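>>> Predicted model and sequence follow; I will ask about them next.
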Amino acid sequence: MVSVSGAASASEQAPSDRQRLALLLVGVGAFLTIGALQSLYGPSFAALQARYGVSVAQVGGVVSAHFGGAFVGVLASGLALVRLGYRGSLVTAAGLIAAGTSVIGLAGTWPIALAAAFVAGLGFGQVTVAVNLMVARAYDRAATGPLNALNGTYGLGAVLGPALVALATARLGVTPEAGAWVFGTVAVGAVAFTLAATRLRWWPQPRRPQRSTAERPPFGALAFMLLLFLYVAVEVTTPAWIPTHLAGRLGDTNAALVASAFWAALTIGRFGVVPLAARMRPRDLVLGASLVGLLGLLLAQVPALAVPGYVLAGLGFAPVFPTTIAWLQWRFGDRGEGLTPFVIASGNLGPVLGAPAVGVVVMATSPASIPSVLAGAAALLVASVAFTWWRGRRSERIA
């Protein structure tokens, strides 16, 4: 039986409460920064078009470049942790973000700006993995609450990104200077959390799996990969299609506000679940949260309950992603560190298939079918969680 204890090895001294808090605060700064980064691309399209003279069809390429880099960064993060350690990996990733975002708003040509977005995405992906793992390692069996709080700050950063664009536009207009100011602010944020990180006195030591372990990837890891694939597909696809579903009844503006309410509920839910997380096993919390999210999407099929249904779905799904990271460490212990990049990378692929799949169904039917398709995907998620829960009920020991 694989031990699932995440406790520090004999060669690694456990951090003090003060050291844990300091590490968590650095993570908060990092996630505020990357949350703002991923959310400001769309609101910055006009400024980027003004600077580079690209069309509406072309400007969306900056998002693809960023998330392409993020996917590569997530996959490369495991190797980076082994070769550079947590400190070196985080500092390198922050440097990539700072360099990339500095160039996006100042590049001379559009291809260079796209390359810069890819570089920023590389850092984004590495920060996502490194910070989640270092908090999980620092807090061990008590990591579920801190991980939810940490990922809640990512949501706050996503709110700050468009606000930065609005502030820059109000002061500078829709100009190239506005874009440079916005992306430059993110670069400053990356430098700031890097400087804070250099003052940390405790870092987890990367765990190098034994050769025999590396040659036999556990079947259970595939279950976690499928779980996050389905979850991220539902999380991203739901607010993306809410406006289309509700525009005919509520109007475009109000329908867009419902999508914002979903994200707000998701962020609030991650902070709100922190006290509960200390009283529940990660596997039980993920299962319960997935069921609440499914209930919300089922309610959204009733026109009069669509708005509260989507808000309930956001609240329900809130703890799934960060708690799954904690659950992965419970299940696999030392092996969890090497598996986490692949599990997170599989999640990033979810929206690639999820959003177009909903579009195909809508074209064949009508926007009224959207909540049914989303609920079907959520039902698959619940089934995946239940299967993973069932497989782990014997192998997960309580410390």
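Cool, the structure landed.
>>> what stretches of the stretch 201-350 of the chain score poorly on pLDDT?
Filtered on pLDDT under 70, the stretch 201-350 of the chain yields the residue ranges 207-219, 334, 336.
>>> switch the cut-off to 50
Residue ranges of the stretch 201-350 of the chain with pLDDT under 50: 211-216.
>>> Please enumerate the helices of it.
211-215, 219-250, 252-272, 274-277, 282-299, 306-317, 320-332, 334-364 (DSSP state H, counting those that start in this stretch).
>>> buried residues in the fifth one?
Taking 16 or more other C-beta atoms under 10 Å as the basis for neighbour counts, the residues of helix 282-299 that come out buried are 282-283, 285-299. (Glycine included, C-beta is placed from N, CA and C.)
>>> Over to the shortest one?
Residues of helix 274-277 classed as buried under the neighbour-count rule (16+ other C-beta under 10 Å) are 274, 277.
>>> quick one, domains of the chain?
Taking automatic domain parsing as the reference, the chain has its domains at 17-197, 217-392.
>>> so how far is the shortest one off the chain centroid?
Taking the mean C-alpha point of domain 217-392 and that of its whole chain, the gap between them comes to 12 Å (C-alpha atoms, centre = their mean, to the nearest Å).
>>> Start at 13, not 1
Sounds good: first residue 13 from here, last item domain 229-404.
>>> thinking again about what came up before, closest to Trp215 out of the domains of the chain?
In terms of C-beta to C-beta, the element of those nearest to Trp215 is domain 29-209, at 4.6 Å.
>>> Just give the number of residues close to Ala290.
By the criterion of other C-beta atoms under 10 Å, Ala290 has 11 neighbours.
>>> neighbours around the residue lying closest to it once chain neighbours are set aside, how many?
Excluding the flanking residues, the one nearest Ala290 by C-beta to C-beta, 6 or more residues apart in numbering is Gly157, at 5.5 Å. Residues lying near Gly157 (other C-beta under 10 Å) number 22.
>>> repeat for the one 10 residues further on
Residues near Gly167, counting by other C-beta under 10 Å, number 23.
>>> I'd assumed Trp275 was in contact with it.
Yes - if you go by C-beta atoms under 8 Å, Gly167 and Trp275 touch, sitting 6.6 Å apart.
>>> before we move on, back to that, wait, isn't the residue nearest to Ala290 in contact with Pro287?
Yes - between Gly157 and Pro287 there is a contact at 7.4 Å, judged by C-beta under 8 Å.
>>> separation between Pro255 and Val244?
20 Å (C-beta to C-beta, to the nearest Å).
>>> I meant to write Leu278 there.
12 Å.
>>> These two: which has the busier surroundings?
The neighbour count for Leu278 versus Val244, taken as other C-beta under 10 Å, is higher for Leu278 (28 against 22).
>>> Now the more buried one. Nearest residue, chain neighbours left out?
The shortest distance from Leu278 to any non-neighbouring residue, by C-beta to C-beta, 6+ apart, is to Gly326 (4.4 Å).
>>> who are the neighbours in contact with that neighbour?
273-278, 281, 308 (C-beta atoms under 8 Å, 6 or more residues apart in numbering).
>>> which other residues reach stretch 271-284?
By C-beta under 8 Å, 6+ apart, the residues outside stretch 271-284 that reach it are 160-161, 163-164, 167-168, 170-171, 247, 250-252, 254-255, 319, 322-331, 334.
>>> Name the residues of it that are buried.
So for stretch 271-284, counting by 16+ other C-beta under 10 Å, buried means 271, 273-283.
>>> Kindly reformat those as TSV and extend each row with distance to Trp339.
As requested, those are exported to TSV (distance: C-beta to C-beta, whole Å):
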residue	distance to Trp339
Ala271	28
Ala273	28
Phe274	24
Trp275	23
Ala276	25
Ala277	22
Leu278	19
Thr279	21
Ile280	22
Gly281	17
Arg282	15
Phe283	19
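>>> any idea of the pLDDT on the residue nearest to Ala290?
You'll see Gly157 listed with a pLDDT of 85.
>>> Output the contacting helices and strands for the helix or strand it falls within.
With secondary structure defined by DSSP states H and E, Gly157 is part of helix 156-184. If contacts are counted by 3 or more C-beta pairs under 8 Å, 6 or more residues apart in numbering; DSSP states H and E, helix 156-184 sits against helix 29-52, helix 57-64, helix 122-151, helix 188-209, helix 264-284, helix 286-289, helix 332-344.
>>> Could you export the fourth one as PDB, CA atoms only?
Translated: helix 188-209. As requested, the backbone C-alpha atoms of helix 188-209 are provided in PDB (Å, rounded to 0.1, in the frame of the first residue of the first chain):
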ATOM      1  CA  PRO A 188      -0.900  51.800 -27.100                       C
ATOM      2  CA  GLU A 189       0.200  53.500 -23.800                       C
ATOM      3  CA  ALA A 190      -2.800  52.100 -22.000                       C
ATOM      4  CA  GLY A 191      -1.800  48.500 -22.900                       C
ATOM      5  CA  ALA A 192       1.800  49.100 -22.000                       C
ATOM      6  CA  TRP A 193       0.700  50.500 -18.600                       C
ATOM      7  CA  VAL A 194      -1.500  47.500 -17.800                       C
ATOM      8  CA  PHE A 195       0.900  44.800 -18.800                       C
ATOM      9  CA  GLY A 196       3.700  46.700 -17.100                       C
ATOM     10  CA  THR A 197       1.800  46.600 -13.800                       C
ATOM     11  CA  VAL A 198       1.600  42.900 -14.000                       C
ATOM     12  CA  ALA A 199       5.300  42.700 -14.500                       C
ATOM     13  CA  VAL A 200       5.800  44.800 -11.400                       C
ATOM     14  CA  GLY A 201       3.600  42.400  -9.500                       C
ATOM     15  CA  ALA A 202       5.700  39.500 -10.600                       C
ATOM     16  CA  VAL A 203       8.900  41.300  -9.400                       C
ATOM     17  CA  ALA A 204       7.200  42.100  -6.100                       C
ATOM     18  CA  PHE A 205       6.200  38.600  -5.200                       C
ATOM     19  CA  THR A 206       9.700  37.300  -6.300                       C
ATOM     20  CA  LEU A 207      11.400  39.800  -3.900                       C
ATOM     21  CA  ALA A 208       9.000  38.600  -1.100                       C
ATOM     22  CA  ALA A 209       9.900  35.000  -2.000                       C
END
